[in-house]
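Student: Using only what follows, build the 3D model:
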Amino acid sequence: MKPHILLRRVHYWASLPIAVPLLLVIATGLLLQFKKSLPWVQPAEQRAAGEPALGLEQILEAAATVDAAAIDAWDDVYRVEYRPGRNLVKVVSNNRTEIQIDAATGAVLQVAPRRSDLIESLHDGSFFGDFAKTWLFTPAAIVLLGMLLTGVYLFFVPILAKRRRARRGRAR
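Tutor: As a prediction, this is how the structure comes out:
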């Protein structure tokens, strides 16, 4: 069997098993590409003035005032981020509610769901567990690399064949 025929068949049939993981990676990758400009994915950062004056306990107290976040103790907090340029503290609860707090006054500036962490875990396959990440997403990535290489080969074979025919025609 000629190499280009074999590679065409491999390219064709390899697309089936990787279609769903690839579609998920592409869709979530597009959302992550624009996460700073899509408030649905990640809330827009607010801006506060002044110098940071809050301690960790005051940050926890401010976050606990937001019922939607369901924060009573540090165990209920998934992540705390500080943005010095905006004088802003972001507290993300375990239920993925993001609370933006003025680091100078402790005022709650914004409360919104934060979906970017979920989208990232879908994107890299960790949402489905280590087994799926290792035995579904990694093989899909390897097959995709193979499809890319066979696709490039199949793209250039006709071009090279036309050049060879053109050279043979000029040589006569």
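
Student: any chance you could map the strands in this structure?
Tutor: Secondary structure of the chain, counting by DSSP state E: strands at 77-83, 88-93, 97-102, 108-113.

Student: Can you spell out which helices and strands pack onto the second one?
Tutor: With contacts defined as 3 or more Cβ pairs under 8 Å, 6 or more residues apart in numbering; DSSP states H and E, strand 88-93 has these neighbours: helix 56-64, strand 77-83, strand 97-102. The way it works is simple: take the backbone N, C-alpha and C, and place the C-beta from them, glycine included.

Student: mind running it again at 10 Å?
Tutor: Using 3 or more Cβ pairs under 10 Å, 6 or more residues apart in numbering; DSSP states H and E as the contact test, the elements touching strand 88-93 are helix 56-64, strand 77-83, strand 97-102, strand 108-113.

Student: report the angle between the axes of that strand and strand 77-83?
Tutor: Here the directions of strand 88-93 and strand 77-83 differ by 170 degrees (axes from the mean of the first three to the mean of the last three Cα atoms, to 10 degrees).

Student: could you point out the longest helix in this protein?
Tutor: Of all the segments assigned as helix in the chain under DSSP state H, the longest by residue count is helix 138-171.

Student: buried set for that helix?
Tutor: Using 16 or more other Cβ atoms under 10 Å as the test for burial, helix 138-171 gives 140, 143-144, 147, 150.

Student: Also stretch 111-122?
Tutor: In terms of neighbour count (16+ other Cβ under 10 Å), stretch 111-122 has its buried residues at 111, 113-117, 119-120, 122.
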